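Trainee: Pasting the sequence and the predicted model now:
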Amino acid sequence: ALTPETIRASKPQWSEKDLDLKITAVAQVDPTAVERTFSDNPTWNVLEAARALTVPTLILGGDPAVYSMLATDTALALVAANPLVEYRVIEGAGHSVHRDRPEVVIAAILALPA
C-alpha cells in the first residue's frame, strides 16, 4: 500500500530525486518478482568472503532502532572474522544509509586513509 504520499511522509530526509526514483520503482515493481527474490534465495552468509578480504573494508550499517537488514550480531561476526573489517552504525539511518544520512556517509568515506 505504498503511495507517493506515504513514501514521501516516511522518508522526509531523502532528496527529491531519491524520492522520485523510489516512487517510480514502486509503481513498476512486479510483486511476484519481489516475493520470489526472497523465497528463491538462500540466506546469505558472507563470513567466508569477509575472511578473504585483503584490503581495509568499512561497513556502514543502518541504525537497528530505525531499520537495518544487517543484524548487529552478523556485523560483529564480520569484524571478528577479519581485522581489516570495520563496522559503524549510522545513527538515525535505516537500510538506505546513503539516502537517510548522506552527509555522514560522505564524511566517513572522506575520513578514510588514502
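Mentor: Arrived safely, thanks for sending. Numbers count the residues shown, from 1 in each chain.
Trainee: okay, the spatially most central residue of the chain: pLDDT?
Mentor: Nearest to the mean C-alpha position of the chain, by Cα atoms, centre = their mean, lies H95 at 3.8 Å. For H95, the model assigns a pLDDT of 93.
Trainee: Please apply the same query to the one 3 residues further on.
Mentor: Per-residue confidence (pLDDT) for H98: 96.
Trainee: which residues touch it?
Mentor: Neighbour list for H98: V105 [criterion: Cβ atoms under 8 Å, 6 or more residues apart in numbering]. Heads up, the C-betas are built off the backbone N, CA and C, glycines and all.
Trainee: rewinding a little: for P83, see how far away the residue nearest to the centre of the chain is.
Mentor: As defined by Cβ to Cβ, to the nearest Å, H95 lies at a distance of 26 Å from P83.
Trainee: Does the longest helix belonging to the chain pack against any helices or strands, and if so which?
Mentor: The longest helix of the chain (DSSP state H) is helix 16-28. Applying 3 or more Cβ pairs under 8 Å, 6 or more residues apart in numbering; DSSP states H and E, we find helix 16-28 packed against helix 4-10.
Trainee: Would you mark the buried spots in the helix it packs on?
Mentor: By 16 or more other Cβ atoms under 10 Å, the buried positions in helix 4-10 come out as I7.
Trainee: got the contact list for that helix?
Mentor: With Cβ under 8 Å, 6+ apart as the test, helix 4-10 has contacts from L19, K22, I23, V26.
Trainee: for stretch 59-68, same thing?
Mentor: By Cβ under 8 Å, 6+ apart, stretch 59-68 touches 69-72, 75, 78, 85-97, 100, 105, 108.
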